[in-house]
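Enquirer: This is a predicted model, with the sequence first.
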Amino acid sequence: MAKTKRETAIHDTLGRLADTLKAEGAEQVSVSYVSQRSFSLTVREGELEGMNTSEAMGISMKVWIGAKSESTSLETNNPDDLSEAARSLVKSTLAKPDNPHALPADPAQFSKVRTNKR
């Protein structure tokens with residue numbers, strides 16, 4: 001199945017973000033994108049009383065450096081904001097103590113892009 005322009009843009013953004021995290025010093029990374037859209041209708045005594053819609057999106061990042069790990073999420077896809085968050089995430093990870101119980105999964109698990117179609 002061919003990707004839409006939006007899916008291609010999201011995939012490219014996540015790829016650049018992973019590259020930035022690695023360039024900043026992360027040994028392994030996990031990045032993900034979540035989008036949600038909801039609609040609600042309120043009906044009282046058979047009459048439409050109200051209608052609401054909402055949309056949300058988020059990008060999550062997790063990095064591992066040795067036995068240290070840290071994660072964050074943002075509600076933006078602005079490249080400058082994402083780059084700054086990536087640099088900050090790596091710096092905060094390096095400042096943390098080692099945690100031998102927070103080791104990453106096999107890197108092959110992070111190399112797949114999954115799109116849920118409904």
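Expert: Okay, I see it. Residues are numbered from 1 along each chain as shown.
Enquirer: could you pull out the helices for this protein?
Expert: 5-23, 79-95 (DSSP state H).
Enquirer: Include mean pLDDT when you put the ones you listed into TSV, please.
Expert: Output for the helices of the chain, formatted as TSV (pLDDT from 0 to 100):
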stretch	mean pLDDT
helix 5-23	92
helix 79-95	94
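Enquirer: quick one: which of the ones you listed is nearest Asn52?
Expert: helix 5-23 (23.6 Å; C-beta to C-beta). Bear in mind the C-beta positions are built from the backbone N, C-alpha and C, glycine included.
Enquirer: Could you list the buried residues of that closest one?
Expert: By neighbour count on 16 or more other C-beta atoms under 10 Å, the buried set for helix 5-23 is Ile10, Thr13, Leu14, Leu17, Ala18, Thr20, Leu21.
Enquirer: How about residues contacting that helix?
Expert: 3, 29, 31-33, 59, 61, 63, 77, 79, 82-83, 86-87, 89-90, 113, 115 (C-beta atoms under 8 Å, 6 or more residues apart in numbering).
Enquirer: and if you look at stretch 41-55?
Expert: By C-beta under 8 Å, 6+ apart, stretch 41-55 touches Ser35, Gln36, Arg37, Ser38, Phe39, Ser40.
Enquirer: 7 Å instead?
Expert: Defining contact as C-beta atoms under 7 Å, 6 or more residues apart in numbering, one finds that stretch 41-55 is touched by Arg37, Ser38, Phe39, Ser40.
Enquirer: Appreciated, that's everything.
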